[in-house]
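this one's sequence-less:
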């Protein structure tokens, strides 16, 4: 493991997904999934999210589109939260997910809107 | 929004999925998902389901096959109900889902049969 | 290998895809792909296409939808030909592929229409 | 149905997934899903798992990779159990799922590790 | 068909993909694929690309990500051209496709970079 | 870029895919795809293929299964060659691809067998 890149990735991951989410992931770490946690943090968050060429807002936008098509609702929920943290409005998120419906098919949009609504409800509940 | 096409779509959507299902979707509508509800009703139910060239039974049959492969269980459950409303028997639905297993892989069939069984249980419960 | 089921499958396969196509597949058979040819003929064509519960027209229709979504252009081309042999008109094939566009996304429809046009051109060329 | 192949398949299926799992599948069998249960047992477990050319350990390994990518968590959970029965260690399962992350994308690995952890928890609970 | 929305879609489609590309699509139109051409122009380009909520640059970016994952190389090539027309630099396109590699798997990135290189070569050839 | 991990990855990549293949990839490198080449070599080949927990034969086997399902024929062809280099026989490759047919659907197997046959023909031609 490249410790510098891991630390860079961990910092970005916390900025995007929030400390509560990442603390939970870290607390759930065990011998079995530790190599995944390291790979995700270093590779996904350090090497790619850490690159200069696109804004975090841009990266969130394309992640919603990709993860919506890939039908990974758990990850999508986390990245809806990340998108809000990275400055996308709810209306912009709706635009992204409508476009998912045209290019990835209507069922992908229906599931993605439902998951986004759940993420918004969680965020509202936390504010209280 | 093209109001005529939206109304045509809403009528077909209610015929296929049933009023209870559509009333629930309409009640869950909010500022965020309203553009999706409009797109689905106009585009999916009005423009495509509203075309002449295939019977509703045919359209249900190919939807079960596609949504089974796409692994969208929530939508599949709604379209199992739609398939029954459009005249497919349980045995015909089983034939479609077996063919999903051959062309889309056995796990797609296993999940689709489970979801279909859940839809049938719901329908039986409503009759009582 | 269950010889009876294999023979039943081979008969149906020839009816649907045509002798020329199947002769070519048989001629391309070698030690490496022989187990696949046997599995496909026995299970896909014998066990599933050979079942009573749906017409061949129905089975062709759902195959076009599934293979269009799965993005397997070579197989799709063969099954467009099969669909014509099983009694679907070009207009009905267009209806199936439009529905692929709605549920599987527009790029799936664009590719499927292109492949269908190629299959129709082949069929026209053979008639001359 | 080819009774000899079905019986061969049932024996392998029980060895890999365990009697408790298969007994449950058999108990859930009804008129609707019976053709699927027969097809799966004969075709998937008899014809393919029953072939000589790869060890059961090898077949489990590639199944985890494929089912992880296909996003079929219910089937994946059963095959994690099968992989343990076929001699894969937890560390080897982690290696397979990391490779899923590289070739199938990180969200596929995240979901697959979560499902594997659930399967391990079930196995631990049964031992008590 | 809603003529106003179709005309709006055609205008946007020409701006994004270029007249040469769209002229070719129109010239290839026949009785079979006409309903697809109308649906794509009206819905995809009029109803969705014509919405206010995201810039054309944003929409191009998420399209590259989605179509890269969906493995539709023909469409991807057209949308690479569209992305350039909508103001994305080659470096930004590379960033999007690297992120495709992380979330959709390395083979999706390898194919997408190859297709993008082909699109750039076409564009260079046209300038001469 | 972590130079040590990159070099480790390049060594493994050459062992598995062969010098001719990797030399070609390196020769095709340009400013646009350089970040991908670095990411693939460091992460895919260094971080994951370079791990201890599975043999190269095991890793090839699961790659064939995954890439076969993902429908990436160009990558599949390279990894068929890699599988031969890593000690899999043609018969074992056939077993893997048959299992792809069961779990990922028959069209995935048909395409994968065709691509494997092309790879074998290339290898035979090079020997002459």
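Yep, that arrived. Everything quoted here is computed from the prediction, not taken from an experiment. Numbers count the residues shown, from 1 in each chain, chains lettered A, B, ... in the order given.

Would you map the helices across chain A?
If DSSP state H is used as the criterion, the helices of chain A fall at A:3-17, A:19-27, A:34-39, A:56-70, A:73-85, A:90-104, A:106-127.

So which bits of chain A are right by chain B?
Of all the residues in chain A, those in contact range of chain B (Cβ under 8 Å from any Cβ of the partner chain) are A:71, A:90-91, A:93-94, A:97-98, A:101, A:105-111, A:113-114, A:116-117, A:120. Placement of C-beta: from N, CA and C, glycine included.

give me that answer again for 6 Å
If contacts are counted using Cβ under 6 Å from any Cβ of the partner chain, the residues of chain A sitting beside chain B are A:71, A:90, A:94, A:98, A:106, A:107, A:109, A:113.

Could you turn the buried ones of the residues you listed into a ChimeraX selection?
Here is the ChimeraX selection string for the buried members of the residues of chain A next to chain B, based on 16 or more other Cβ atoms under 10 Å in any protein chain shown:
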select /A:71,90,94,98,106,107,109,113
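
List the buried residues in stretch A:77-88.
Neighbour-count burial for stretch A:77-88, with 16+ other Cβ under 10 Å as criterion, is recorded at A:77, A:78, A:79, A:80, A:81, A:82, A:83, A:84, A:85, A:86, A:88.

Residue D:3: which of these is nearest?
Each of the buried residues of stretch A:77-88 was scored against residue D:3 by Cβ to Cβ, and residue A:77 proved nearest at 47.5 Å.

For the closest one, give me its contacts.
Contacts here follow Cβ atoms under 6 Å, 6 or more residues apart in numbering or on different chains; on that basis residue A:77 touches A:115, A:119.

Quick check: can you list the domain ranges of chain A?
A:1-53, A:54-128 (automatic domain parsing).

Give me whichever of these is most buried.
Using mean count of other Cβ atoms under 10 Å in any protein chain shown, the stretch among the domains of chain A with the largest mean neighbour count is domain A:54-128, at a mean of 21.

looking at the domains of chain A, which is closest to residue F:29?
Distances from residue F:29 to each of the domains of chain A were compared using Cβ to Cβ; the shortest belongs to domain A:1-53, at 17.9 Å.

in chain A, what secondary structure element scores lowest on mean pLDDT?
Every helix and strand in chain A was compared by mean pLDDT, DSSP states H and E; the lowest is helix A:19-27, with a mean of 91.

Show the model's pLDDT score for the closest residue to residue A:87 other than its chain neighbours.
Counting by Cβ to Cβ, 6 or more residues apart in numbering or on different chains, residue A:87 lies nearest to residue A:57, which is 4.9 Å off, once chain neighbours are set aside. With respect to pLDDT, residue A:57 has a value of 98.

Go ahead and confirm residue A:57 touches residue A:89.
No: using Cβ atoms under 6 Å, residue A:57 makes no contact with residue A:89, being 10.4 Å away.

mind showing which ranges of chain A have poor pLDDT?
Segments of chain A classed as low confidence (criterion: pLDDT under 70) are not present in this model.

one more time with 80
A:1, A:128 (pLDDT under 80).

which one in it is furthest away from the centre?
The C-alpha centroid of chain A is most remote from residue A:31, which lies 24.0 Å away (Cα atoms, centre = their mean).

before we move on, could you check phi and psi at the closest residue to residue A:2 other than its chain neighbours?
The spatially closest residue to residue A:2, leaving aside those adjacent along the chain, is residue F:2, at 4.9 Å (Cβ to Cβ, 6+ apart). As for residue F:2, its main-chain torsions (degrees, to the nearest 10) stand at phi -90, psi 100.

Residue A:1 is in contact with residue F:2, correct?
No: between residue F:2 and residue A:1 there is no contact under Cβ under 6 Å: 9.8 Å.

one step back: and the least confident helix or strand of chain A, is it in reach of chain D?
No: shown here: helix A:19-27 not in contact with chain D (Cβ under 6 Å from any Cβ), separated by at least 9.4 Å.

Contacts only, for residue A:100.
A:65, A:68, A:108, A:109, A:112.

nearest to residue D:8, of those residues?
So of these, ranked by how close each gets to residue D:8 (Cβ to Cβ), first place is residue A:108, at 39.8 Å.

residues contacting that closest one?
Each residue near residue A:108 by Cβ under 6 Å, 6+ apart is listed here: A:68, A:69, A:100.

same check, this time on residue A:37
Residue A:37 sits next to residue A:29 when contact means Cβ under 6 Å, 6+ apart.

from chain A, which residue is nearest to chain D?
Distances between chain A and chain D by Cβ to the nearest Cβ are smallest at residue A:72, namely 3.9 Å.

circling back: now do the residue nearest to residue A:87 against chain B, distance only.
Separation of residue A:57 from chain B (Cβ to the nearest Cβ, to the nearest Å) stands at 19 Å.

Dead centre of chain A: give me the residue that sits there.
The residue at the geometric middle of chain A, judged as the C-alpha nearest the mean C-alpha position with Cα atoms, centre = their mean, is residue A:79 (2.4 Å).

Name all residues that make contact with that residue.
Residue A:79 neighbours (Cβ under 6 Å, 6+ apart): A:63, A:64, A:67.

Now flag whichever of these is closest to residue D:9.
For the contacts of residue A:79, the residue nearest residue D:9 by Cβ to Cβ is residue A:67; the value is 36.8 Å.

Enumerate the residues of chain A near chain C.
So chain A meets chain C at A:102, A:103, A:104, A:105, A:106 (Cβ under 6 Å from any Cβ).

Between all of the residues you listed, which two are at the greatest distance?
Considering Cβ to Cβ, no two members of the residues of chain A next to chain C lie farther apart than A:103 and A:106, which are separated by 10.9 Å.

distance of the residue in chain A that chain B sits nearest to from chain F?
Using Cβ to the nearest Cβ, the point where chain A gets nearest to chain B is residue A:107, with a distance of 3.9 Å. Counting by Cβ to the nearest Cβ, the separation of residue A:107 from chain F is 19 Å.

what does chain A have sitting close to chain F?
Listed as neighbours of chain F in chain A under the rule Cβ under 6 Å from any Cβ: A:2, A:43.

8 Å instead?
Those residues of chain A that sit near chain F, judged by Cβ under 8 Å from any Cβ, are A:2, A:5, A:35, A:39, A:43, A:47, A:48, A:51.

Of those residues, which is the nearest to chain C?
The nearest member of the residues of chain A next to chain F to chain C, counting by Cβ to the nearest Cβ, is residue A:48 at 24.5 Å.

on that earlier part again, of all pairs in the contacts of residue A:100, which one is the farthest apart?
Using Cβ to Cβ, the contacts of residue A:100 reach their maximum pairwise distance at A:65 and A:109, which is 10.7 Å.

ok, back up a step: who are the contact partners of the residue nearest to residue A:87?
Residue A:57 makes contacts with A:86, A:87, A:88, as judged by Cβ atoms under 8 Å, 6 or more residues apart in numbering or on different chains.
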